[in-house]
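> what would the 3D arrangement of this be:
(3 chains)
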Amino acid sequence: MSHLVHTSQDGCRIVEIMNNAKEPSSSECNCPTEQMDWLRVQDSLKGQLITEDDFKWRLPTREKEGSCEILKYVGGVDLSFSKDDSSIACGTLVVLDLQTLKVVYEDSSIVRLQIPYIPGFLAFREAPVLLELLDKMKNNAHCFYPQLLMVDGNGLLHPRGFGLACHIGVLADLPTVGVGKNLHHVDGLTQSRVRELLQAADSPENVLPLIGDSGYTWGAAMQSSQGSLKPIFISLGHRISLTTAIEIVRMTCRFRVPEPIRQADIRSRERLRNNQ
DNA sequence: GCGACAG
DNA sequence: ATCTTGTCGC
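Numbering: from 1, shown residues only, chains lettered A, B, ... in the order given. Here you go, the predicted structure:
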């Protein structure tokens, strides 16, 4: 079933680091040991990942049979960091009305993060705050609770096929889409290669499937706005297909970064300035 | 050995 | 992620 025959580069590197470790220092709980736990967590959660459309709503553009819930509330999450103290962060959740692209809900939380950013393990740093914001909203049975969540970070487009968007999607049991502003090099996919493919592409849609050396499709690159040659990188997070993910991202792009994520970014940065 | 590495 | 002003253009 799984075409992810990609060997874990990170896993190899970690083992290498452990072999070279000189001091099995007490419980400084630095990297190697904890990262091996994280690898197991990612592998485990990945077993619950759903990579096709799995929701009861439909897109407003798809005028099919009526009497079906329509996608209206799209959420977005992001974190901003203090320039002074990089361990201080503000996590923000916004919900937009898909038709008007106006924010109908906003909540944020300022926290002190203990976990550093390690490529391939972003979720262990950022997911807890964001999941808490979602949980808080769900417990209040808020009527604006998102039917879909856009995440600032990748989904399948990840060394082990399980980025932040997948992580949040599975743990919150919510359809999610990952949007990266920079390419995480995986399976032979590089910036230069994407650039040349994007130019050579006949695609009238300004989208390009990201197919790696293995033949696996990790996501898509999209030139989302006229003014920017620099693409965004879309990958499915959970309970959605890549095709549907692309369609929804396109619907929410007023500028390069889709509005739900852009608003979460703007507002989290703003709150950090005025509050601490 | 060297480079690459989401936010 | 963050450090940073103006500037060119619709």
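> and chain A, which residues reach DNA strand C?
Neighbours of DNA strand C within chain A, by CB under 7 Å from any atom of the strand: A:L79, A:S80, A:F81, A:K83, A:S86, A:D152, A:K181, A:R269. Every residue, glycine included, has its C-beta placed from N, CA and C.
> and the residues you listed, which are buried?
Buried members of the residues of chain A next to DNA strand C, scored by 16 or more other CB atoms under 10 Å, are A:L79, A:S80, A:F81, A:D152.
> ok, the top helix by length along chain A near DNA strand B or not?
Longest helix of chain A, by residue count under DSSP state H: helix A:122-139. Yes. Under the criterion of CB under 7 Å from any atom of the strand, DNA strand B is reached by helix A:122-139 at A:L122, A:A123.
> is the following helix or strand past that helix anywhere near DNA strand B?
Next helix or strand after helix A:122-139 toward the C-terminus (DSSP states H and E): strand A:148-152. Yes. Strand A:148-152 is in contact with DNA strand B by CB under 7 Å from any atom of the strand, via A:D152.
> pull the distance from strand A:148-152 to the chain's centre.
Counting by CA atoms, centre = their mean, to the nearest Å, strand A:148-152 is centred 6 Å from the centre of its parent chain.
> please name every helix or strand in contact with that strand.
If contacts are counted by 3 or more CB pairs under 8 Å, 6 or more residues apart in numbering; DSSP states H and E, strand A:148-152 sits against strand A:73-81, helix A:164-172, strand A:176-180, helix A:242-251, helix A:259-274.
> the ones you listed: which one's closest to A:V95?
strand A:73-81 (4.9 Å; CB to CB).
> angle of the helix or strand following the closest one against strand A:73-81?
Using DSSP H and E, the next helix or strand after strand A:73-81 towards the C-terminus is strand A:88-97. With axes from the mean of the first three to the mean of the last three CA atoms, to 10 degrees defining the directions, strand A:88-97 sits at 160 degrees from strand A:73-81.
> list the buried residues for strand A:88-97?
Quick answer for strand A:88-97 (16+ other CB under 10 Å): A:I88, A:A89, A:C90, A:G91, A:T92, A:L93, A:V94, A:V95, A:L96.
> cool, stretch A:211-230 as well?
A:I211, A:G212, A:Y216, A:T217, A:W218, A:G219, A:A220, A:A221, A:M222, A:Q223, A:S224.
> just give me the closest of those residues to DNA strand B.
Nearest to DNA strand B among the buried residues of stretch A:211-230, counting by CB to the nearest atom of the strand, is A:G219 at 10.8 Å.
> so which residues make contact with the host helix or strand of A:S108?
For A:S108, the element it lies in under DSSP H and E is strand A:103-112. For strand A:103-112, the external contacting residues (CB atoms under 8 Å, 6 or more residues apart in numbering) are A:73, A:87-97, A:129, A:132-133, A:136-137, A:142, A:144, A:263, A:267-268, A:271-272, A:275-276.
> you'd agree A:R58 is up against A:K72?
No. Applying CB atoms under 8 Å as the test, A:R58 and A:K72 come out as separate, 10.9 Å apart.
> hang on, the earlier thing: can the strand holding A:S108 be said to contact DNA strand B?
No. Strand A:103-112 stays clear of DNA strand B (CB under 7 Å from any atom of the strand), getting no nearer than 14.2 Å.
> may I see the buried residues of that strand?
By neighbour count with 16+ other CB under 10 Å, strand A:103-112 contains the buried residues A:V103, A:Y105, A:E106, A:D107, A:S108, A:S109, A:I110.
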